[in-house]
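> got a sequence here, can you build the structure:
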Amino acid sequence: MKKLSVLTALLLIMALLAACSSSSNSAPAYDKSQMEPSSYAEDAFTQDIQISLASGTPGRDESVTLQYASLTDVTHTFTAVQRLEVQLDGAWYVVPDAQDFVTLQLLTLPAKSQVEDNFRFEGRYEPLPAGDYRIVKDFSDPDGNSAAACYLFTVD
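Predicted coordinates:
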């Protein structure tokens, strides 16, 4: 009987330790009542500019390298501003960014070509809880017309 009690106590302690370690590794869920809704409608994204992942794992690495590809004969410009959004209950919300400034750089995406750009997570965002995310980037053509593109990814 004493062996059974000791065994039961050990199993209980192991279960508690496992629960504590798994909860400390997972990020807390977002409270959408405290978040800004996205300003982008589902049909707001252009097909003329595609964003793909060149290297890294979004939400797990300090940063990832994105590739912007222009599929048109138009040269676009973009800034260093980065935007991360999360989908909660079917709607998109802006993930809070710890950085409250951005450098004033104007970068170029030449017509029918590709450029790479880094997207930083470390120092900007808390650990991302599991969910569906998108990185949104705004571009402008020489006439001042805006175009938005996004890269979708999932954090497990």
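
> could you use CA atoms for every contact and neighbour count after this?
Will do.

> need phi/psi at V94.
Dihedral pair for V94: phi -80, psi 130, per degrees, to the nearest 10.

> quickly list what it is bridged to.
For V94, the beta-bridge partners are E85 (DSSP bridges).

> again, but for G131
Counting by DSSP bridges, G131 is bridged to V155.

> count the neighbours of it for me.
G131 has 13 neighbours, counted by other Cα atoms under 10 Å.

> how about D43, secondary structure?
Following DSSP: H, G, I helix; E, B strand; the rest coil, D43 is assigned to helix.

> quick check: the gap between it and A149.
Distance, D43 to A149, by Cα to Cα, to the nearest Å: 10 Å.

> neighbour count winner among those two?
Neighbours were tallied for D43 and for A149 using other Cα under 10 Å; the higher tally belongs to A149 (19 against 6).

> how far out from the middle of the chain is the helix or strand where the more buried one lies?
In this structure, A149 sits in strand 146-155 according to DSSP states H and E. The chain centre lies 9 Å from the centre of strand 146-155; the measure is Cα atoms, centre = their mean, to the nearest Å.

> show me what it is packed against.
Here strand 146-155 touches strand 49-55, strand 131-140, going by 3 or more Cα pairs under 8 Å, 6 or more residues apart in numbering; DSSP states H and E.

> identify the residue spatially nearest to R124, adjacent ones excluded.
Distances taken as Cα to Cα, 6 or more residues apart in numbering place A98 nearest to R124, at 4.7 Å, with adjacent residues excluded.

> that neighbour should be in a strand, yeah?
No: checked against three-state DSSP, A98 lies outside a strand; its state is coil.

> coming back round to it: and V86, which of the helices and strands packed on strand 146-155 is closest to it?
V86 lies closest to strand 131-140 among the helices and strands packed on strand 146-155, at 4.4 Å (Cα to Cα).

> what are the buried residues along the closest one?
The neighbour-count check on strand 131-140 (16 or more other Cα atoms under 10 Å) flags D132, Y133, R134, I135, V136, K137, D138, F139, S140 as buried.

> now find how far off-centre it is within its chain.
Relative to the mean C-alpha coordinate of its chain, strand 131-140 is positioned 8 Å out (Cα atoms, centre = their mean).
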